[in-house]
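Q: below is the structure, and that's it, no one-letter string:
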């Protein structure tokens, strides 16, 4: 490890870890056992089968977890399921305490939180409905299922509200 990378992780700071698929809760347990403070935001989804209904806890950011560490980075990087410290393991960039605190406040507020696959600025292609084949740019999201998409039209643009399931990222 270079001196630069050691300097980047000299003090305990929050970092985002990229994980193998479906390893969020396993890595969370490994970090706790290592004595590393971790934060894995989750949301509850009500899943309905033909014979029963169940509430399932899912990660808000699948494939990622937050951990606060400094000199413990080599042990963290060697944990089963940890792929890398973001953006690169050579010199990871810490996440501010304020950002983690804000995320914790949002989750503690009991406001319904759901992941959304789209963010403002994403280019999408409408793949079903009356506008199938038209491309546009996401202007804003409305929850996890609705999008407002700007569609260019003759030197202008119109905004349309669509179901997220009717578009695909390009």
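A: Looks like it arrived, so ask away. Everything quoted here is computed from the prediction, not taken from an experiment.
Q: quick one: the spatially most central residue of the chain from residue 160, how far?
A: The centre of the chain sits closest to residue 61, judged by CA atoms, centre = their mean, with a distance of 3.1 Å. Separation of residue 61 from residue 160 (CB to CB, to the nearest Å): 28 Å. To be clear about C-beta, it is placed using only N, CA and C from the backbone, and glycine gets the same treatment.
Q: which residues of this structure fall in strands?
A: 13-19, 37-39, 42-48, 53-59, 64-69, 82-85, 123-126, 135-142, 146-153, 156-163, 167-169 (DSSP state E).
Q: nearest to residue 111, out of the ones you listed?
A: strand 42-48 (11.0 Å; CB to CB).
Q: that closest one packs against which elements?
A: On a contact count with 3 or more CB pairs under 8 Å, 6 or more residues apart in numbering; DSSP states H and E, strand 42-48 meets strand 53-59.
Q: what does the strand it packs on rub up against?
A: Contacting residues not belonging to strand 53-59 are listed as 24, 25, 40, 41, 42, 43, 44, 45, 46, 47, 65 [CB atoms under 8 Å, 6 or more residues apart in numbering].
Q: go ahead and confirm residue 76 touches residue 38.
A: No: with contact defined as CB atoms under 8 Å, residue 76 does not reach residue 38; the gap is 9.6 Å.
Q: what sits in contact with each of those two?
A: Joint contacts of residue 76 and residue 38 (CB under 8 Å, 6+ apart) are 31, 67.
Q: one step back: contacting residues for the residue nearest to the centre of the chain?
A: Counting by CB under 8 Å, 6+ apart, residue 61 has contacts 41, 115.
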